[in-house]
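# predicted structure and sequence below. I'll ask about it afterward.
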Amino acid sequence: MATWPSSSDPSNQEAIAIRKRNKSDQIKFLIPLIYDPVLPLIRLTLRKNPVVRDRLFTAVLVGAFADGFYLVTDLYDIESK
């Protein structure tokens with residue numbers, strides 16, 4: 001009959017810590033779910049103020065590209081190690 005490793009086992013504690021860290025790292029990939037719906041809302045709600053609309057839209061778009069660039073460069077790999 002197989003036995004489960006005890007919760008006081010140091011190797012088990014390391015595995016649990018790695019799992020918890022990996023779950024918190026995944027939040028970085030959920031950020032697009034925040035700014036993706038914001039882009040069309042900016043265009044719709046600020047129709048009457050085109051200067052503010054275009055500047056805000058551009059700022060959010062630059063932030064989105066910066067986030068994407070951060071995720072695909074070596075900076076992300078260095079932080080996760």
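Happy to help now that I have it.
# any stretches of this protein with poor pLDDT?
Applying pLDDT under 70 to the chain flags the ranges 1-25, 75-81.
# hmm, who's touching the helix ranked longest in the chain?
The single longest helix within the chain, with elements called by DSSP state H, is helix 50-72. With contact meaning CB atoms under 8 Å, 6 or more residues apart in numbering, helix 50-72 is reached by 28-29, 31-32, 35, 38-39, 42-43, 46-47, 76. In short, each C-beta sits where N, CA and C put it, glycine included.
# list the buried residues of that helix.
Across helix 50-72, burial judged by 16 or more other CB atoms under 10 Å covers 53, 56-57, 60, 64.
# what's the answer for stretch 32-40, then?
Judged by neighbour count (16+ other CB under 10 Å), stretch 32-40 contains no buried residues.
# residues in contact with that stretch: which ones?
Outside stretch 32-40, the residues touching it (CB under 8 Å, 6+ apart) are 57, 60-61, 63-64, 67.
# 10 Å - rerun?
Contacts with stretch 32-40, where a contact means CB atoms under 10 Å, 6 or more residues apart in numbering, come from 42, 56-57, 60-61, 63-64, 67-68, 71.
# so the strand or helix carrying Leu33 versus helix 50-72, what angle?
Assigned by DSSP states H and E, Leu33 belongs to helix 32-45. Orientation note: helix 32-45 sits at an angle of 170 degrees relative to helix 50-72 (axes from the mean of the first three to the mean of the last three CA atoms, to 10 degrees).
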